[in-house]
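# here is the input, now give the coordinates:
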Amino acid sequence: MLNLEHIASFLAVLRAGNFRAAAHERALSQATVSQHVQKLEAALNTCLIARSHSGCSPTQAGIVLQPYAESLLSINTRVLNLMHNQQVSIGASSNIGVYLLQPYIKSFMAETGGQFPVEIVIQKNPVIADKLERGEIDVATMEWWDDRPGYIARPWRQEELVVIVVPDHPWAKLLTVPRALLVDVPLLGGEPGTGTGRLLLHHMGETARDMQEVMQLGSTEAVKRWVKAGLGVSIVLSSTVVEECRAGTLRAIPLEGAPICKTLYVIWRATLRHDSLPLRLAKWLLDQDTAAANTQLEVAPQVCTAL
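Numbers count the residues shown, from 1 in each chain. Alright, predicted model coming up:
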């Protein structure tokens, strides 16, 4: 078993660049820090730190160990906080973290008087799922869930997919976009792993297979900028373009036929105590109808009908 004190000293040496400064940081003697690193190296049967007169640097093994060591200490801190209901960590996929989550967290912190710090982790959907499984976050908000065992996933919000174009685009005055039109235009893709492609394929069949995704830009923010530059059109969540539609820099148009909506989820471990802070936050997200969320719902129809 690895000793967390030894790991903490190893990371301190990497941060400080030498054993003396690491000892000062950890309020330990230099000999103790040196002993910690030696014992960690013995436990792993490898050299982790290259020592020289100019300072210390990680060996290749030390480089490999570093992110795992940081994760171990982070999880240790989170476990201690969780046992005392001191802090909660929520992971959000990029679109949720950037465009949707803020009013809910603000409302939660106001309700609890700010006594429980909330750590926000915003990453791509697959990364958030992995962090939840590794215990690096307590609650996840995602654009899909793959039903892996040991977790509870609850539908949270329904978000309509819309086509976005620049105001002078030939489609800008359309009330809806016929799905067949999407086959003949360059379609700009955003963040991979959001499940949007699978959702379109489910609803649109072969039309979705024939659409030409010319670029994968990595984020909705990037997509919006490229669409504004006249480099193509895209399909995004309606809530991600509210500000641009208000400002008149983009037009958001529903797809023809029944709306295609994406279900967003709140997910947590099934083993959470009923009185735990993470479960309290998860239920808050599911139950609360914040003023900001209401505003989003009221604005969404205006975005489409103002076209």
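
# for the spatially closest residue to Arg269 that is not a sequence neighbour, list the residues it contacts.
Distances taken as CB to CB, 6 or more residues apart in numbering put Tyr151 closest to Arg269, at 5.9 Å, once the chain neighbours are dropped. Placement of C-beta: from N, CA and C, glycine included. Taking CB atoms under 8 Å, 6 or more residues apart in numbering, we find Tyr151 in contact with 132, 145, 267-270.

# switch the cut-off to 7 Å
Going by CB atoms under 7 Å, 6 or more residues apart in numbering, Tyr151 touches 267-270.

# now do the strands in the stretch 51-200 of the chain.
Secondary structure of the stretch 51-200 of the chain (DSSP state E, counting those that start in this stretch): strands at 55-58, 88-93, 118-123, 139-142, 151-165, 186-189.

# point out where this protein drops to low pLDDT.
When residues are selected by pLDDT under 70, those of the chain lie in 81-82, 84-85, 289-307.

# quick one, domains of it?
The chain is divided into the following domains under automatic domain parsing: 4-70, 83-157+262-298, 159-261.

# who touches Leu272 in this structure?
Residues near Leu272 by CB under 7 Å, 6+ apart: 278-279.

# can you confirm it is in a strand?
No - if the criterion is DSSP: H, G, I helix; E, B strand; the rest coil, then Leu272 is coil and not within a strand.

# please begin residue numbering at 51 from this point
Sure, I'll start counting at 51 from here, so that last one is Leu322.

# how far away is it from Arg184?
As judged by CB to CB, to the nearest Å, Leu322 and Arg184 stand 16 Å apart.

# repeat that for Asp325.
24 Å.

# re the thing from before, just among the contacts of Tyr201, which is most surrounded?
Counting neighbours by other CB atoms under 10 Å, Trp318 leads the contacts of Tyr201 with 23 neighbours.

# output the contacting helices and strands for the helix or strand containing Ile303.
Secondary structure from DSSP states H and E places Ile303 in strand 301-304. Using 3 or more CB pairs under 7 Å, 6 or more residues apart in numbering; DSSP states H and E as the contact test, the elements touching strand 301-304 are strand 201-215, helix 341-355.

# restricted to helices, list the contacts of Tyr201.
Among the contacts of Tyr201, no residue falls in helices (DSSP state H).

# pick the one among those closest to Asp188.
Nearest to Asp188 out of the contacts of Tyr201 is Trp318 (CB to CB; 6.8 Å).

# mind listing the residues bridging to the closest one?
With beta bridges defined as DSSP bridges, Trp318 has these partners: Val189, Ile202.

# contacts only, for it.
So, once contact is read as CB under 7 Å, 6+ apart, Trp318 ends up touching 188-189, 201-202, 328-329, 332.

# report the buried members of those residues.
188-189, 201, 328-329, 332 (16 or more other CB atoms under 10 Å).

# now tabulate the strands of the stretch 101-250 of the chain in a markdown table and tack on distance to Thr299.
Below are these laid out as a markdown table (distance: least, CB to CB, whole Å):
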| stretch | distance to Thr299 |
| --- | --- |
| strand 105-108 | 47 |
| strand 138-143 | 24 |
| strand 168-173 | 24 |
| strand 189-192 | 27 |
| strand 201-215 | 10 |
| strand 236-239 | 16 |
